[in-house]
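Asks: I'll drop the sequence and a predicted model, then ask my questions.
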Protein chains: 2
Amino acid sequence: MNTLAYGLLSLLSHSSLSGYDLMLKIQPFWPAKHSQIYPLLARLEQKELVSCALVQQSDKPDKKVYSIKEAGLAALREWLTEPASDPVMRDELMLKAFCMSNVSPAVSRKLFVARLEHYRNKMTRLQDRLQSIRQHDGLEEGALPVYSSPYFGAFILLNKGMMTCRTNIEWCEWVLQIVPEE
Amino acid sequence: MNTLAYGLLSLLSHSSLSGYDLMLKIQPFWPAKHSQIYPLLARLEQKELVSCALVQQSDKPDKKVYSIKEAGLAALREWLTEPASDPVMRDELMLKAFCMSNVSPAVSRKLFVARLEHYRNKMTRLQDRLQSIRQHDGLEEGALPVYSSPYFGAFILLNKGMMTCRTNIEWCEWVLQIVPEE
DNA sequence: AGTAACATGTAATGAGTTACATGATTCT
DNA sequence: AGAATCATGTAACTCATTACATGTTACT
């Protein structure tokens, strides 16, 4: 039972999902490819932490929908009582920033312009998602979901994403201000 | 030549360091254990990108100090012209936050209190480091190093660290405000 | 005498990515 | 007919962590 396994259980505790959907949904929190997800789901099913149902679709290929079982929820609750391990951030731009005085300002600026673009796109996507979960939970602008709502977690995470994005954008803009134009 | 290899070259472009020091210094940007660093340094030496000198010490065990060679600097400059890949963040707390409505608020609060502590400690360490590089570069409070200074990269990275820390602290405090006390 | 930090290495295992493989369904 | 998305799986490889292994020096 590694972190990714608990991550899948975490998503499944909110709603039943296919392996494909799990793969898409877990990206912002714990990036993983389908080649990692599918075998892991099979193991979780073996362990009786999740169940699986074949769902036939007419508009799309059939899919296997996984649901969390009581044992899975118990494992999840147990895991939640343990302290979370420290976050791990791996960003090539940090390494490049460290040694950028070795190249011309123009080369450096290009890196930060690209990153700025990346965070601005991400920001837009986050805003859209926040709008959509506000509607799901029937929330007015500025109102907060209650703790017991299953959307509470998603809500605070989206807010974190927005705050982080904003900070990163500010940082990139600040760097571009102090890195000379040529 | 993976990202870690370029990361080592990046640090070495600023100053010559032992494998042990490299291992300590690279942690904030690209976490890696010594078991990954030492074999990689041997490969970089084989490729003639770095050179190695045995330095005898009396107060501590002897060490091997690595220096970047001209070919290493060339590889670094080449790498800097390529776009940086997207940052990868893996944080167990995000996964736990997503499903925290499955446990009592007390259990959830504990996670965020611990994380708040973590970021406050980190913030203090960053402030100390920023002070020390200000002195190295002979900078007044509020002044910025010039682009060509080898400390420029470290300086903007420390500022990013501080901004990120501050944002994370704000987020944790906000979450603790809206998660009920019991 | 024992612990902690410094210092370097290898071996085994686990986690994660890329590539290989296949097929359904929709849209252009 | 071809591209894009949906959908699931395995195999090979690289990357990263943990464990094994050893030795120095300083401090208590």
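Replies: On my side now, so go ahead. Keep in mind the model is a prediction, meaning the values are calculated, not measured.
Asks: does the helix or strand hosting A:Glu78 reach DNA strand C?
Replies: Element membership for A:Glu78, per DSSP states H and E: helix A:70-81. No - remark: helix A:70-81 sits outside contact range of DNA strand C, by CB under 7 Å from any atom of the strand, the gap being at least 13.4 Å. For glycine as for every other residue, the C-beta is placed from the backbone atoms N, C-alpha and C.
Asks: could I get the full set of strands for chain A?
Replies: Read by DSSP state E, chain A holds these strands, from start to end of the chain: A:17-18, A:50-55, A:63-68, A:88-90.
Asks: nearest to A:Thr124, out of the ones you listed?
Replies: Of all the strands of chain A, it is strand A:88-90 that lies closest to A:Thr124, at 22.3 Å by CB to CB.
Asks: parallel or antiparallel, which strands does the closest one pair with?
Replies: Here strand A:88-90 is paired, per DSSP bridges, with strand B:88-90 (antiparallel).
Asks: what sits up against the partner strand?
Replies: For strand B:88-90, contacts defined as CB atoms under 8 Å, 6 or more residues apart in numbering or on different chains pick out A:3, A:30-31, A:87-91.
Asks: try 6 Å
Replies: Strand B:88-90 has contacts (CB atoms under 6 Å, 6 or more residues apart in numbering or on different chains) with A:30-31, A:88-90.
Asks: next: stretch A:160-177.
Replies: With contacts defined as CB under 6 Å, 6+ apart, stretch A:160-177 is touched by A:112, A:115-116, A:119, A:122-123, A:126, B:156, B:160, B:163, B:167, B:171.
Asks: excluding its backbone neighbours, what's nearest the spatially most central residue of chain A?
Replies: With distances taken as CA atoms, centre = their mean, A:Pro28 lies nearest the centre of chain A, 1.7 Å away. With CB to CB, 6 or more residues apart in numbering or on different chains as the measure, A:Gly161 is the residue that lies nearest to A:Pro28, at 6.9 Å, once sequence neighbours are left out.
Asks: any idea how far A:Arg125 is from that neighbour?
Replies: Counting by CB to CB, to the nearest Å, the gap from A:Gly161 to A:Arg125 is 9 Å.
Asks: how about the longest helix along chain A: buried residues?
Replies: Residue-count comparison of every helix in chain A, with assignments taken from DSSP state H, identifies helix A:105-136 as the longest. In terms of neighbour count (16 or more other CB atoms under 10 Å in any protein chain shown), helix A:105-136 has its buried residues at A:108-112, A:115-116, A:118-119, A:122-123, A:126, A:129-130, A:134.
Asks: packing partners of it?
Replies: Using 3 or more CB pairs under 6 Å, 6 or more residues apart in numbering or on different chains; DSSP states H and E, the elements in contact with helix A:105-136 are helix A:151-178.
Asks: go again with 8 Å.
Replies: The elements that helix A:105-136 packs onto, with contact taken as 3 or more CB pairs under 8 Å, 6 or more residues apart in numbering or on different chains; DSSP states H and E, are helix A:92-98, helix A:151-178, helix B:70-81.
Asks: the longest one versus helix A:105-136: what angle between them?
Replies: Using axes from the mean of the first three to the mean of the last three CA atoms, to 10 degrees, the inter-axis angle of helix A:151-178 relative to helix A:105-136 is 160 degrees.
Asks: mean confidence for helix A:151-178?
Replies: Mean pLDDT, helix A:151-178: 97.
Asks: now that helix, how far from the centre of its chain.
Replies: Distance of helix A:151-178 from the chain centroid (CA atoms, centre = their mean, to the nearest Å) equals 14 Å.
Asks: buried residues, that helix. List them.
Replies: By neighbour count, and taking 16+ other CB under 10 Å as the criterion, the buried residues in helix A:151-178 are A:151-165, A:167-169, A:171-172, A:174-175.
Asks: same question, the shortest one
Replies: Neighbour-count burial for helix A:92-98, with 16+ other CB under 10 Å as criterion, is recorded at A:92-98.
Asks: just the strands of chain A: most buried one?
Replies: When you average the neighbours per residue for each of the strands of chain A (mean count of other CB atoms under 10 Å in any protein chain shown), strand A:17-18 leads with a mean of 20.
Asks: check whether it contacts chain B.
Replies: No - using CB under 8 Å from any CB of the partner chain, strand A:17-18 stays clear of chain B, with a minimum separation of 12.8 Å.
Asks: wait, does the one helix or strand in chain A whose mean pLDDT sits lowest contact DNA strand D?
Replies: The least trusted helix or strand in chain A, going by mean pLDDT, DSSP states H and E, turns out to be helix A:105-136, with a mean of 93. No - counting by CB under 7 Å from any atom of the strand, no contacts exist between helix A:105-136 and DNA strand D, the nearest distance being 14.7 Å.
Asks: re the thing from before, out of the buried residues of helix A:105-136, which two sit at the greatest distance?
Replies: A:Ser108 and A:Arg134 (39.1 Å).
Asks: show me the contacts for the closest residue in space to A:Ala106 that isn't next to it in sequence.
Replies: With CB to CB, 6+ apart as the criterion, A:Ala106 has its nearest non-adjacent residue at 6.1 Å, and that residue is A:Glu182. By CB under 8 Å, 6+ apart, the contact set of A:Glu182 is A:104-106.
Asks: got JSON lines for those, with distance to A:Ser18 too?
Replies: Written out in JSON lines, the entries for the contacts of A:Glu182 read as follows (distance: CB to CB, whole Å):
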{"residue": "A:Ser104", "distance to A:Ser18": "49"}
{"residue": "A:Pro105", "distance to A:Ser18": "48"}
{"residue": "A:Ala106", "distance to A:Ser18": "46"}
